[in-house]
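S.K.: Structure for the following, please:
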Amino acid sequence: QVQLVESGGGLVQAGGSLRLSCAASGRTFSNKGMGWFRQAPGKEREFVAAISWRSGGSTAYADSVKGRFTISRDNAKNTVYLQMNSLKPEDTAVYYCAAGRTIVASTNLGDFGSWGQGTQVTVSS
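M.R.: Predicted coordinates:
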């Protein structure tokens, strides 16, 4: 099991930027695809971005964040990042880091077996 701790959330104005970090513990981080999901009040948890097991590996993004968000990872630091630019009020949500069951960059919530506790991102208009 991989333990995950997110950080970097906060309050930002529309058009601003934030970088989320997810620190992982456990020896198996480097052979897992990683993902970011988010959940807004009253809504289901939704896919945001994913990256395969290698630093610089394949990535996938939700259409709503494509071109604005960038996922990356540093396997030497056991950390995955989500750089969020041009933030919009509709990006407001709790953001969760997740470790996949395989090495690929999956977009399917069910393919992720370990979850962090989440970090709040609030974008004001």
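S.K.: Tell me the spatial nearest neighbour of the residue most central in space within the chain, not counting adjacent residues.
M.R.: With distances taken as C-alpha atoms, centre = their mean, W36 lies nearest the centre of the chain, 2.3 Å away. Distances taken as C-beta to C-beta, 6 or more residues apart in numbering put V48 closest to W36, at 4.4 Å, once the chain neighbours are dropped. To be clear about C-beta, it is placed using only N, CA and C from the backbone, and glycine gets the same treatment.
S.K.: Just the pLDDT for that neighbour.
M.R.: The model reports V48 with a pLDDT of 98.
S.K.: Just the buried positions in the helix or strand where it lies, please.
M.R.: Assigned by DSSP states H and E, V48 belongs to strand 46-51. With burial defined by 16 or more other C-beta atoms under 10 Å, the residues of strand 46-51 counted as buried are F47, V48, A49, A50, I51.
S.K.: Please enumerate residues in contact with it?
M.R.: By C-beta atoms under 8 Å, 6 or more residues apart in numbering, the residues outside strand 46-51 that reach it are 33-39, 57-62, 65, 69-73, 80, 82, 95, 100, 105-109.
S.K.: From those residues, keep the buried residues only.
M.R.: Neighbour counting over the contacts of strand 46-51 (16+ other C-beta under 10 Å) leaves 33-38, 57, 60-62, 65, 69-73, 80, 82, 95, 100, 105-107 as the buried ones.
S.K.: Would you check how far apart the closest residue in space to G10 that isn't next to it in sequence and N75 are?
M.R.: Leaving aside its sequence neighbours, G10 sits nearest to L18 (C-beta to C-beta, 6+ apart; 6.4 Å). Separation of L18 from N75 (C-beta to C-beta, to the nearest Å): 23 Å.
S.K.: Would you mind telling me which of the two has more residues around it?
M.R.: L18 (21 against 16; other C-beta atoms under 10 Å).
S.K.: thinking the more buried one is in contact with Q120, fair?
M.R.: No - at 10.8 Å, L18 does not count as touching Q120 under the criterion of C-beta atoms under 8 Å.
S.K.: what do the two both touch?
M.R.: Contacts common to L18 and Q120, judged by C-beta under 8 Å, 6+ apart, are G9, G10.
S.K.: Nice, that's everything, thank you.
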